[in-house]
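A.B. asks: one predicted model, sequence on top.
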Amino acid sequence: MDGYYGYAGPAAQQSQAAVFRPSKPEDWEPYRDIIAHLYNTMNMKLKDVMAEMEATYTFKATEKQYKTQLKKWNLDTKYIKASEYMFMIKTMRERQAQEPPKETRFVLRGRVVDPKDIARFEKRAQKKGAMKEGEPIECEG
């Protein structure tokens, strides 16, 4: 009868009350280092970070809230953006056109970028029509 009329009983109410939901930007600050460690150092996916934060620290926020905070803290640097790939491809083409052609190696945010990843991005971009083989690349920065 406890579940009747939406009443879940004292045990369920206590577990719901124990979960901390951030409502202000300053609510995130005590958890910043932990989130940064899990997301960037431990290389966890965002969904896994969210689950870990809820299970271990009873900290529950939406995916949108996490993404906003990661961007605000400049921690959204885990994946290479399309504009960064475009810049790398442009640079590689310029260096290969020189006499003699130069080998190019990219280090982005402290990590070496695998040439296979660049080639895969280029192939996908050509397939989508975002760029054409041998055509000059327009990119900002």
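C.D. replies: Structure's in. What do you need?
A.B. asks: and stretch 75-89, what's its mean pLDDT?
C.D. replies: Regarding stretch 75-89, the rounded mean pLDDT is 88.
A.B. asks: list the buried residues for it?
C.D. replies: Of the residues in stretch 75-89, 76, 77, 80, 84, 85, 86, 87, 88, 89 count as buried by neighbour count, 16 or more other C-beta atoms under 10 Å. (C-beta placed from N, C-alpha, C; glycine too.)
A.B. asks: for stretch 54-62, same thing?
C.D. replies: By neighbour count on 16+ other C-beta under 10 Å, the buried set for stretch 54-62 is 59, 61.
A.B. asks: if we can go back for a sec, redo the buried residues of stretch 75-89 as JSON lines? Include distance to residue 119 and secondary structure.
C.D. replies: Shown next, in JSON lines, are the buried residues of stretch 75-89 (distance: C-beta to C-beta, whole Å; DSSP: H, G, I helix; E, B strand; the rest coil):
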{"residue": "76", "distance to residue 119": "24", "secondary structure": "coil"}
{"residue": "77", "distance to residue 119": "22", "secondary structure": "coil"}
{"residue": "80", "distance to residue 119": "13", "secondary structure": "coil"}
{"residue": "84", "distance to residue 119": "15", "secondary structure": "helix"}
{"residue": "85", "distance to residue 119": "10", "secondary structure": "helix"}
{"residue": "86", "distance to residue 119": "14", "secondary structure": "helix"}
{"residue": "87", "distance to residue 119": "15", "secondary structure": "helix"}
{"residue": "88", "distance to residue 119": "11", "secondary structure": "helix"}
{"residue": "89", "distance to residue 119": "9", "secondary structure": "helix"}
